[in-house]
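S.K.: Please work out how this folds:
(one chain, ligands or ions: 4)
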Amino acid sequence: AKRFNRGKVVFYDPEHVTAARDRMQMLSQLRQAFTSERLFLMYQPIVNLKTGRITAAEALLRWRSDNGDFIPPDRFIPLAEQSGLMVPIGEWVMRTAFRFLKNLGNIASEDFRISVNVSQTQFREPDFATKLFQAMEDCRVEPARVEIELTESVAIESLERIKPTLGAVCQAGVSIAMDDFGTGYSSLSVLHQLHINRLKIDKAFISGPGCRLDNQGIAATVLQLAEKLSLQTIGEGIEDESQRKALLEMGCTEGQGYLFSRPVPAEAFEELLKKQEIQ
Ligand code: C2E
Ligand code: CA
Ligand code: CA
Ligand code: CA
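M.R.: Ligands and ions are numbered 1, 2, ... in the order given. You can find the predicted model right below:
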């Protein structure tokens, strides 16, 4: 809220005033959506690139506005971050995702993971780890089945501040993935200091325009690095079979993307898991 107020003071030209008013309006709608349960989660399968089996689910936040439209997370999450609302929303995301995992029961194998995106402002809260542990305990979810995803920008901007938090999280047995890897400039030392055990290769390097899926490309470079550091890998944004094949050949173990499935509601995800049990 602080930053927002500060912004308001210096906004004086008419365009800025309108933009600020729009944001304020959207923020109040978001608050309302949160309290009236119009935020919900979709789940996207993460699969073993070799066998095609679903190994994990990533929880992705959705907002259905009053008129039934979907507002994409890229539009409202920055606003939620600026206003501090992302902290309670983020906690709700964790709890909802953990309940989803619990509800899957034995449809999901023992090593099936649930992966949750954690934002900058959540990480910067001193009690983030405590909240995470409490949520796992309340939902009776084993830490080994939980993964949190942070982006490179969070890692770089808040390194010192989040180091102890991630130390505690790792100690508890929760795994930590570096999201959108390759888009920022994190060093090897950062990966080590933050106890990262998985790299998610950004979709820009897999299905993005002009990207190369050969041994000259960024994906190949990241995979070689991961191999040397014994890190697990997930390729993001896999949209066709040739991309799956190329990644697999380059040593990538898991993948995610429209080729396998778009993000789906909890019930549909359950169906996907059941279907593969039969096969
Ligand atoms: P992300 O974490 O990188 O999530 C992957 C995004 O790629 C998702 O977009 C997903 O729908 C999309 N995607 C998956 N497969 C494909 C594909 O094959 N091709 C293409 N072009 N896109 C694919 P989505 O759901 O719109 O989410 C956007 C971003 O919003 C996420 O990027 C994440 O940074 C953020 N986000 C979503 N949910 C949460 C949340 O609960 N908390 C926080 N902090 N951030 C979230
Ligand atoms: Ca993610
Ligand atoms: Ca990503
Ligand atoms: Ca992204």
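
S.K.: Which stretches in the stretch 1-150 of the chain count as strands?
M.R.: 39-48, 54-64, 70-71, 113-117, 146-151 (DSSP state E, counting those that start in this stretch).

S.K.: Format those strands as TSV; extra columns: mean neighbour count and distance to Phe98.
M.R.: Where you see a C-beta, it was placed from the backbone N, CA and C, and this is true even at glycine. Shown next, in TSV, are the strands of the stretch 1-150 of the chain (neighbours: other CB atoms under 10 Å; distance: least, CB to CB, whole Å):
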stretch	mean neighbour count	distance to Phe98
strand 39-48	20	11
strand 54-64	21	9
strand 70-71	14	24
strand 113-117	24	7
strand 146-151	22	7
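
S.K.: Just put those in a markdown table and tack on distance to ligand 3 and mean pLDDT.
M.R.: Below are the strands of the stretch 1-150 of the chain laid out as a markdown table (distance: least, CB to the ion, whole Å; pLDDT from 0 to 100):
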| stretch | distance to ligand 3 | mean pLDDT |
| --- | --- | --- |
| strand 39-48 | 10 | 97 |
| strand 54-64 | 8 | 97 |
| strand 70-71 | 19 | 90 |
| strand 113-117 | 8 | 98 |
| strand 146-151 | 7 | 96 |
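
S.K.: As JSON lines, those strands with distance to Ala220 would be great.
M.R.: Output for these, formatted as JSON lines (distance: least, CB to CB, whole Å):
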{"stretch": "strand 39-48", "distance to Ala220": "20"}
{"stretch": "strand 54-64", "distance to Ala220": "22"}
{"stretch": "strand 70-71", "distance to Ala220": "35"}
{"stretch": "strand 113-117", "distance to Ala220": "24"}
{"stretch": "strand 146-151", "distance to Ala220": "22"}
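
S.K.: and Glu142, how many neighbours?
M.R.: Residues near Glu142, counting by other CB atoms under 10 Å, number 11.

S.K.: got a list of what it touches?
M.R.: Counting by CB atoms under 8 Å, 6 or more residues apart in numbering, Glu142 touches Met136, Gly173.

S.K.: measure it to Phe133 for me?
M.R.: With distances taken as CB to CB, to the nearest Å, Glu142 is found 12 Å from Phe133.

S.K.: Over to Pro209?
M.R.: Using CB to CB, one gets 42 Å for the distance from Pro209 to Phe133.

S.K.: Pull up the residues of the stretch 51-200 of the chain that are close to ligand 3.
M.R.: Selection of the stretch 51-200 of the chain residues close to ligand 3 by CB under 5 Å from the ion yields Asp179, Asp180.

S.K.: ranges for the helices of the stretch 51-200 of the chain?
M.R.: 73-83, 86-104, 120-124, 128-138, 152-157, 159-171, 188-193 (DSSP state H, counting those that start in this stretch).

S.K.: ranking those by mean pLDDT, which is last?
M.R.: Lowest mean pLDDT within the helices of the stretch 51-200 of the chain: helix 152-157, a mean of 84.

S.K.: what distance separates that helix from the middle of the whole chain?
M.R.: Distance of helix 152-157 from its chain centroid, counting by CA atoms, centre = their mean, to the nearest Å, is 14 Å.

S.K.: Mind giving me the packing neighbours of it?
M.R.: In terms of contacts (3 or more CB pairs under 8 Å, 6 or more residues apart in numbering; DSSP states H and E), helix 152-157 is packed against helix 120-124, strand 175-181.

S.K.: show me what contacts the closest residue in space to Asp202 that isn't next to it in sequence?
M.R.: Using CB to CB, 6 or more residues apart in numbering and skipping the chain neighbours, the partner closest in space to Asp202 is Asp180 (4.4 Å). When contacts are counted by CB under 8 Å, 6+ apart, Asp180 touches Thr151, Glu152, Lys200, Asp202, Glu236.

S.K.: Tell me the spacing between Ile71 and Gln29.
M.R.: 9 Å.

S.K.: Tell me which residues of stretch 17-37 come out buried.
M.R.: For stretch 17-37, the neighbour count (16 or more other CB atoms under 10 Å) marks Arg23, Met26, Leu27, Gln29, Leu30, Ala33, Phe34 as buried.
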